[in-house]
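Student: Just the structure for this:
(2 chains)
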Amino acid sequence: MDKTLYSLILVAVMAIVTYIIRVTPFVFFRKKIKSRFIKSFLYYVPYAVLIAMTFPTVFSVTGNAITSIVGTVVAIVSALNKKTMMVVVALLAVIAVLLSEGILYII
Amino acid sequence: MLKVQNKKNFINGVKDSVPVALAYLAVSFALGVSASNLGLKWFVTVIMSMTNLTSAGQQAGILIIAASGTVIEIIFTQLVINARYFLMSLSLSQRLDPKITLLERLLIAFGITDEIFAIAVSKKEYVTKWYMLGLISLPWLGWTSGTLLGVFMGDVLPTVIVSALSIAIYAMFISIVITALFNDVKILPVVIISAILSCVLYYVPIFAPLSEVSCVICGIVASVFGALMFPIKEEGEQNG
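Tutor: Numbers count the residues shown, from 1 in each chain, chains lettered A, B, ... in the order given. Predicted structure coming up:
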């Protein structure tokens, strides 16, 4: 088979599989779930998953442990101030990484 | 009146998605660069970004396509890497405006990514159809155009900038969880367990084969713990 056509078929398969994973819960859980246990479980899921994706990956995300940890600490400290918006937290973390990359480069 | 509200919801969604769209522009740029270096045709990579909208899954897909892998191989890797979307959609399904029809749900489901999910669940009220569509549109555009730029422009962004930008998404996740902690301290033990378990799975060598599904495992274990130890209050129940 033509290599480009085969690539496109693989892309289509990827897209279909990924879509099925995303859409299945939306189709089968349209009603409000009654079980208190499952409701509690689903209440905690977002935070548990987000934190599991963040740690420990975030300690090495920039490719350098020092700048990654500086960025992480800045993100946590700035988020602890209730008034800081999410965008600002992200921006401060990026600036902190850039600054520490600069400092590491100089010394 | 209703139309005005819809427009407002859509615009709010777009506004909330700006940092995600910018981050996607950078990440998909890198993805486009690596795909063209591996010899993929430009339109194969761009169509992939338009139809998949997922970073880890596409990275794996690009490697498999470059190596002329099999259909079975690609199905299996996507199922494993993207299994977390199942958990996210399940959780989000309970927070969607009940007025959203099945057909509209089919459309919204396409746009569930780690970041879009994170923002949608950070909302206190139900998320509406127009809000979700606003939230998905700009990141989709960023993801697609970033891929296109990466495929054609190659390495023009200095690596220093790319690596610094890579922390933005995690800073967002941290911000979302800490904001939620202010409203409900019961979340704290759950996220601590999740973080510790995630570190164990990451650093202990025997768990290495689980790395792709690590966040699903941690999410399930920590949330079951939370549901058993600190079940949420039923509607109508007194606080305290």
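
Student: Now find how far off-centre stretch B:160-176 is within its chain.
Tutor: How far stretch B:160-176 lies from its chain's middle: 14 Å, per CA atoms, centre = their mean, to the nearest Å.

Student: Please identify the buried residues of that stretch?
Tutor: Using 16 or more other CB atoms under 10 Å in any protein chain shown as the burial criterion, the residues of stretch B:160-176 that qualify are B:160, B:162-176. Bear in mind the C-beta positions are built from the backbone N, C-alpha and C, glycine included.

Student: start to end distance for it?
Tutor: 26 Å (CA to CA, to the nearest Å).

Student: Which ones among the buried residues of stretch B:160-176 also lie next to chain A?
Tutor: When the buried residues of stretch B:160-176 are filtered against chain A using CB under 8 Å from any CB of the partner chain, the residues retained are B:160, B:163-176.

Student: coming back round to it: out of the buried residues of stretch B:160-176, which comes closest to residue B:183?
Tutor: Nearest to residue B:183, judged by CB to CB, of the buried residues of stretch B:160-176 is residue B:176 at 11.5 Å.

Student: That closest one reaches residue A:87, doesn't it?
Tutor: No. Assessed by CB atoms under 8 Å, residue B:176 is found out of contact with residue A:87, at 11.8 Å.

Student: what about residue B:46, helix or strand, and which?
Tutor: For residue B:46, the host element (DSSP states H and E) is helix B:42-52.

Student: is that helix anywhere near chain A?
Tutor: Yes. Interface with chain A: helix B:42-52 contributes B:44, B:47, B:48, B:51, B:52 (CB under 8 Å from any CB).

Student: ok, and for that helix, which residues are buried?
Tutor: B:44, B:45, B:46, B:47, B:48, B:49, B:50, B:51, B:52.

Student: Kindly report the domain assignment for chain B.
Tutor: B:2-165, B:184-233 (automatic domain parsing).

Student: In JSON lines, list these along with mean pLDDT and distance to residue A:96.
Tutor: Shown next, in JSON lines, are the domains of chain B (pLDDT from 0 to 100; distance: least, CB to CB, whole Å):
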{"stretch": "domain B:2-165", "mean pLDDT": "90", "distance to residue A:96": "9"}
{"stretch": "domain B:184-233", "mean pLDDT": "92", "distance to residue A:96": "21"}
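
Student: so can I have JSON lines of these showing distance to residue A:30?
Tutor: JSON lines is the format used below for those (distance: least, CB to CB, whole Å):
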{"stretch": "domain B:2-165", "distance to residue A:30": "7"}
{"stretch": "domain B:184-233", "distance to residue A:30": "21"}
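
Student: who wins for proximity to residue A:52 among those domains?
Tutor: domain B:184-233 (3.5 Å).

Student: Off-centre distance for the closest one?
Tutor: Offset of domain B:184-233 from its chain centre (CA atoms, centre = their mean): 18 Å.

Student: Likewise for stretch B:106-117?
Tutor: 8 Å.

Student: mind checking the end-to-end distance for it?
Tutor: 15 Å.

Student: Touching it from outside, list them.
Tutor: Stretch B:106-117 is contacted from outside by A:19, A:22-23, A:26-27, A:46, A:50, A:53, B:17, B:20, B:23-24, B:53-54, B:84-85, B:88-89, B:91-92, B:96, B:100, B:129, B:132-133, B:135-136, B:139-140, B:169, B:172, using CB atoms under 8 Å, 6 or more residues apart in numbering or on different chains.

Student: With stretch B:42-60 instead?
Tutor: A:4, A:7-8, A:11-12, A:14-15, A:18, B:27-28, B:31-32, B:34-36, B:61-62, B:65, B:77-78, B:81-82, B:85, B:110-111, B:113, B:139-140, B:143-144, B:146-148, B:151-152, B:212.
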